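Asks: Make a model of this:
(one chain, ligands or ions: 2)
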Amino acid sequence: MRAMLLDAPRTPLRAADVPTPRPAPGQLLLRVHACAVCRTDLHVVDGELPPAKSPVIPGHQIVGSVVEVGGDGGSAGATATTGSSLAMAGAGSGPTRKRWKVGDRVGVPWLGSTCGTCRFCAGGRENLCDEPRFTGYQLDGGFAEFCAADARFCFSIPDGYGDLEAAPLLCAGLIGYRSLVMAGDARRLGLYGFGAAAHILLQVARHQGRRVFAFTRAGDDAGQAFARSLGAEWAGASDVRPPEELDAAIVLAPVGALVPAALRSVAKGGVVVCGGIHMSEIPAFPYELLWGERVLRSVANLTRRDAEDFLALAPRIPVRTQVTPFALEAANEALDSLRRGKHQGAAVLVVDAELARWTQRPASASPRLCVKVSHSPHAAGSNFKLQKVKFQISNFARV
Ligand SMILES: [Zn+2]
Ligand SMILES: [Zn+2]
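Replies: Ligands and ions are numbered 1, 2, ... in the order given. The predicted structure follows:
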């Protein structure tokens, strides 16, 4: 299969032909349609997270279709997550083959498996598992034509979403949603770093009746206009104080200096949530920024309950994601685009241009029209007569 491999940190991904994985018991083999690119992929590629597997296929926002269901019996990992009906469906009450069948459309997130036995797993906090395995980090991910994933950590993709638009829901959406939950019932919400996660979160927050204040890099007029177009009441540079105090702020950019900036903007009793897995060093700040029962916390990974809740909520709003498509072999270009903050919304690798569906193809994505031709040949000896030709627009994809 075609795959993009990371051999070592701080080197470009390498296009390679590698053996297609076989699904172990409890795993699904997926044909990958699309895989969104996350800032965490950048942290892996840029060596800001320690290498965990080499070479590794990155990518943890995978949308694909099941081509083979591994036998039942379960691979290493959790047996259940307290209180999660998904976990029960996946692990407790039904074997893999009862839950999934060939052809099902499936999403795979960052949390690839957990130990199932540590005190965190046992206590419903599997996001903090002592021995987690993450997709596209310890486990090969979705920058490839096929991927084998633990069935208990896979999710159905809601109808109404194309593969490309659904892909960013799987991390930008899920971990963003967990961050939003940790922000409590804050009415005035600040979002620091207006990338893929923020453009999803803003829609959820507006749906919940919150007032949103968006912070971008200084001079990012396009980003600020994008935030306003999605319902932000105010948008400005991250070093500028908002027009009024905030009740909570979520820091989504990996920039430590944003933490004191966000603390400075929240009111007494407010909370600042750091949603990223990595951040540059946080500069020293005076205690008075934390005083007044302000809370500073991080959010780590996700639980299957988060995924269950968010993937049920997203289509009801409905959350609409803006995506910039890249071919699989252009993964380095997509990562670089994210590194430089060059696109709005999310970058998505179109792994299989024939299968990957759009919800609605934007005019800006230069299309390649794939036309499927079916015909009913009338064979008379060696004379081959084409009787009927049907054209079916099967797909649009950027080339
Ligand atoms: Zn565990
Ligand atoms: Zn991610």
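Asks: near ligand 1, which residues of this protein?
Replies: Proximity of the chain to ligand 1, by CB under 5 Å from the ion, involves residues 114-115, 118, 121, 129. Where you see a C-beta, it was placed from the backbone N, CA and C, and this is true even at glycine.
Asks: go with 6 Å
Replies: Residues of the chain found near ligand 1 (CB under 6 Å from the ion) are 114-115, 118, 120-121, 129-131.
Asks: Would you mind listing the buried residues in stretch 52-64?
Replies: 55-64 (16 or more other CB atoms under 10 Å).
Asks: farthest pair in those residues?
Replies: The largest separation in those, counting by CB to CB, is between P55 and V63 at 23.1 Å.
Asks: C129 touches C121, doesn't it?
Replies: Yes - here C129 reaches C121: they are 5.3 Å apart, a contact under CB atoms under 8 Å.
Asks: so how many other residues sit close to the nearest residue to P168 once chain neighbours are set aside?
Replies: Once flanking residues are discounted, P168 sits nearest to A346: 3.7 Å by CB to CB, 6 or more residues apart in numbering. Using other CB atoms under 10 Å, A346 is surrounded by 29 other residues.
Asks: Kindly report the same for the one 3 residues further on.
Replies: A count of nearby residues for L349, using other CB under 10 Å, gives 30.
Asks: How much space separates it from D17?
Replies: 17 Å (CB to CB, to the nearest Å).
Asks: do the same with P158
Replies: For P158 relative to D17 (CB to CB), the value is 34 Å.
Asks: Look at the two and report which has more neighbours.
Replies: P158 (18 against 8).
Asks: what does the stretch 51-200 of the chain put close to ligand 2?
Replies: Residues of the stretch 51-200 of the chain lying near ligand 2 (CB under 6 Å from the ion): 60, 110, 171.
Asks: Among the residues of the chain next to ligand 1, which one sits closest to I317?
Replies: For those, the nearest to I317 is T114 (28.8 Å; CB to CB).
Asks: residues touching the closest residue to T96 other than its chain neighbours, list them.
Replies: Here the nearest residue to T96 in space, its sequence neighbours aside, is A151; by CB to CB, 6+ apart that works out to 4.4 Å. Shown in contact with A151 (CB atoms under 8 Å, 6 or more residues apart in numbering): 26-28, 69-70, 90, 96, 99-100.
Asks: re the thing from before, please flag which of the buried residues of stretch 52-64 sit within helices.
Replies: The members of the buried residues of stretch 52-64 all map outside helices under DSSP state H.
Asks: give the contact list for Y137.
Replies: For Y137, the contact set (CB under 8 Å, 6+ apart) comprises 40, 44, 49, 52-53, 56, 58, 60, 110.
Asks: where does this structure have low pLDDT?
Replies: 72-94, 360-399 (pLDDT under 70).
Asks: repeat that for 90
Replies: 71-98, 341-344, 353-355, 357-399 (pLDDT under 90).
Asks: which residues sit in contact with the residue nearest in space to the middle of it?
Replies: Taking CA atoms, centre = their mean, the centroid of the chain lies closest to C171, which sits 2.7 Å from it. By CB under 8 Å, 6+ apart, C171 lies in contact with 36, 38, 40, 60-61, 109-110, 197, 302.
Asks: ok, 7 Å please
Replies: 38, 60-61, 109-110 (CB atoms under 7 Å, 6 or more residues apart in numbering).
Asks: same question, A237
Replies: 215-216, 218.
Asks: Need the buried ones from those residues selected in PyMOL.
Replies: Listed next is the PyMOL selection for buried residues among the contacts of A237, using 16+ other CB under 10 Å:
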select buried, resi 215+216
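Asks: Pipe the contacts of A237 into a markdown table and attach secondary structure per row.
Replies: Formatted as a markdown table, the contacts of A237 follow (DSSP: H, G, I helix; E, B strand; the rest coil):
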| residue | secondary structure |
| --- | --- |
| F215 | strand |
| T216 | strand |
| A218 | coil |
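Asks: how about the helices of the stretch 51-200 of the chain, start to end?
Replies: In the stretch 51-200 of the chain, the helices defined using DSSP state H, counting those that start in this stretch lie at 85-87, 96-99, 119-122, 163-166, 172-182, 196-207.
Asks: which one of those lies closest to R2?
Replies: helix 163-166 (17.2 Å).
Asks: Let me know how buried V67 is, in neighbour terms.
Replies: Neighbours of V67 using other CB under 10 Å come to 14.
Asks: for it, what are its contacts?
Replies: So V67 contacts 29-31, 102 (CB under 7 Å, 6+ apart).
Asks: Buried only: go through those for me.
Replies: 29-31.
Asks: on that earlier part again, any chance of the contacts of A237 in TSV with distance to A167 as columns?
Replies: Output for those, formatted as TSV (distance: CB to CB, whole Å):
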residue	distance to A167
F215	25
T216	23
A218	30
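Asks: Let me know the closest of the contacts of A237 to P12.
Replies: Nearest to P12 among those, with distances taken as CB to CB, is T216, at 27.9 Å.
Asks: is that closest one in a bridge, and if so with what?
Replies: Judged by DSSP bridges, the bridge partners of T216 are A237.
Asks: picking that back up, give me the subset of the contacts of V67 lying in strands.
Replies: Per DSSP state E, strands hold the following members of those: 29-31.
Asks: List phi and psi for the nearest residue to W234 once chain neighbours are set aside.
Replies: Spatial nearest neighbour of W234, chain neighbours left out: F213 (4.8 Å); criterion: CB to CB, 6+ apart. Its backbone dihedrals place F213 at phi -120, psi 120, with angles given as degrees, to the nearest 10.
Asks: how near is F213 to G292?
Replies: 19 Å.
Asks: Looking at the two, which one has more neighbours?
Replies: More crowded of F213 and G292, by other CB under 10 Å: F213, with 22 against 12.
Asks: Return the member of the contacts of Y137 nearest to ligand 2.
Replies: The closest of these to ligand 2 turns out to be T40 (CB to the ion; 3.9 Å).
Asks: Tell me which helix or strand the closest one sits in.
Replies: helix 39-45 (DSSP states H and E).
Asks: got a markdown table for the residues of the stretch 51-200 of the chain next to ligand 2, with distance to S229 too?
Replies: Below are those laid out as a markdown table (distance: CB to CB, whole Å):
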| residue | distance to S229 |
| --- | --- |
| H60 | 28 |
| W110 | 28 |
| C171 | 23 |
